[in-house]
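*Asks:* give me coordinates for this.
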Amino acid sequence: MKVFLTGATGLVGAHTGLALLEAGHQLRLLVRDQGLAQAWFAERGHQIDDCCVADMRDREAVAKGIAGCDAVVHAAAVVNLDTRQGKETMAANLAGVDSVITAAVRMGLQKILYVSSVAIFMHPQAKSLREDGSLAVVGESYSGAKIACEQKVRALQTEGAPVTISYPAMVVGPDDPRLSESNGALSIFVNRFIPITTSGMQIVDARDLAKAHVQLLEDVPRGNYCNRRYVVGGHFITWAELATAMSLQLARPLRRLPIPAVILRWSGALMDVLRKLIPIQFPLSSESARLVTSLVPADSRRLIKEYGFKFRPTSETLADALVWLADNNHIPAQR
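*Replies:* Predicted structure coming up:
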C-alpha cells in the first residue's frame, strides 16, 4: 500500500511513517523541509525519495501528491496555544483538512486516517475522554481549531466517506525530528519544575500511537464509518506520580512546585491579556492552564477491545524520552 503522509517532520507523523515502512508499505511525504524528513528516515535505514514539497494548504500540490496513492494519513497540524494567533491557527488547520482529507474523499480513496486529539472531548462535565463524549465547548486557539476540524471530518463520515479518526493524548517519546510540544514540556519539568496541582497528564508513546495508526489503516472497515473513531490514550498519571516517575528515571529529585488550580487558571487568563498589550511570549495561557488542571482520564477501551491493543508502561516511555532529551542536549546528561 502506498500512503500519502503529512506531518512527517513531527513526532507523530515521523513515527507513523516509520511504522508503515516497517509494516511493508510505501510512503509519499508531504513536507516543507525535505532534507530533515529524508535525514530522519535515513538514520533509521529507510531512503525516502518520493516527496511532495509543499504546504498542507496548497490544494493543487496536495492533490498531485495524493494521485497514485492508496491511502492518506493526515498527521500535520498547526499547534499554537497563543490566543493572539487563534484565528490563524483555526484557518490553517481547517485549510489543511480541506486540502488533504476532503480531496482524498473526492478522489475516491478508501483508506483515509485523520489524526485529531483527545482535547476535543474536554467538556466541563466529562468524566472520561471517549469517542462518544460531547465535544468541548471552549473555543480557544488550538482546541478550538481541532474542534472545527473534527466537525468537518465528522460531516464527511456522516455522508459515508471512508475516514477513520484517531484521538491521541499527549504524545511523548524518543527520536523526535524536532522538539515537539510534549517532549518540550518534559524538558521544562526537568530544567525548571513540575507543577503539582489538580489532574495530571495522559501520556501515549509515539511508537504505540504509530502502531495503532498502522492497524487502523490496514483494517478493512465494515458498517458505519461514524463508528471509526478511536481514542489512543495510553496511561493517565497524576502530577505527583509524574514527578516521582521522572525522578526515578533520572536518579535525582526534581523540583516540585505546588500550585492551586485556580491560581494557574487565573495566571493563564492574565497572561492572555498581557500578550495583547506587550509583545512578549509568556509561558502560560488560559488554554494551557485549563489543560494542565482539568484533564480527566482518556478511555481507549474501543481500540483495546476491537484490536487487542496494548500500551507499553509509562515508565518505559518516560525512560526512553528522557534518554533522548539528554542525548540531544535538551536536559542535563543523566548520571
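*Asks:* just the helices in the stretch 151-300 of the chain please.
*Replies:* Using DSSP state H, counting those that start in this stretch, the helices of the stretch 151-300 of the chain run over residues 181-191, 206-218, 239-250, 261-277, 286-294.
*Asks:* redo these as CSV? Include mean pLDDT and mean neighbour count.
*Replies:* Bear in mind the C-beta positions are built from the backbone N, C-alpha and C, glycine included. Shown next, in CSV, are the helices of the stretch 151-300 of the chain (pLDDT from 0 to 100; neighbours: other C-beta atoms under 10 Å):
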stretch, mean pLDDT, mean neighbour count
helix 181-191, 95, 19
helix 206-218, 98, 23
helix 239-250, 97, 18
helix 261-277, 84, 15
helix 286-294, 80, 21
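*Asks:* quick one, which of those helices gets closest to Leu27.
*Replies:* helix 206-218 (12.0 Å; C-beta to C-beta).
*Asks:* tell me which residues are up against that closest one.
*Replies:* 1, 3, 11-12, 15-16, 18-20, 23, 25, 71, 73, 111, 113, 115, 164, 166, 168, 171-176, 228, 230, 232, 234, 303, 307, 309, 311-312 (C-beta atoms under 8 Å, 6 or more residues apart in numbering).
*Asks:* please list only the buried members of those residues.
*Replies:* 3, 11-12, 15-16, 18-20, 25, 71, 73, 111, 113, 115, 164, 166, 168, 171-176, 228, 230, 232, 234, 303, 309, 311-312 (16 or more other C-beta atoms under 10 Å).
*Asks:* could you dump the helices of the stretch 151-300 of the chain to CSV with distance to Asp33?
*Replies:* Output for those, formatted as CSV (distance: least, C-beta to C-beta, whole Å):
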stretch, distance to Asp33
helix 181-191, 18
helix 206-218, 19
helix 239-250, 31
helix 261-277, 28
helix 286-294, 26
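*Asks:* so for Gln151, which of the ones you listed sits nearest?
*Replies:* Here helix 286-294 is closest among the helices of the stretch 151-300 of the chain (C-beta to C-beta), at 18.6 Å.
*Asks:* quick one: name whatever helix or strand follows that closest one.
*Replies:* Per DSSP states H and E, the first helix or strand lying C-terminal to helix 286-294 is helix 301-307.
*Asks:* mind listing what's buried along that next one?
*Replies:* Going by 16+ other C-beta under 10 Å, helix 301-307 has these buried residues: 302-303.
*Asks:* can you check stretch 327-335 too?
*Replies:* Buried residues in stretch 327-335 (16+ other C-beta under 10 Å): 330-331.
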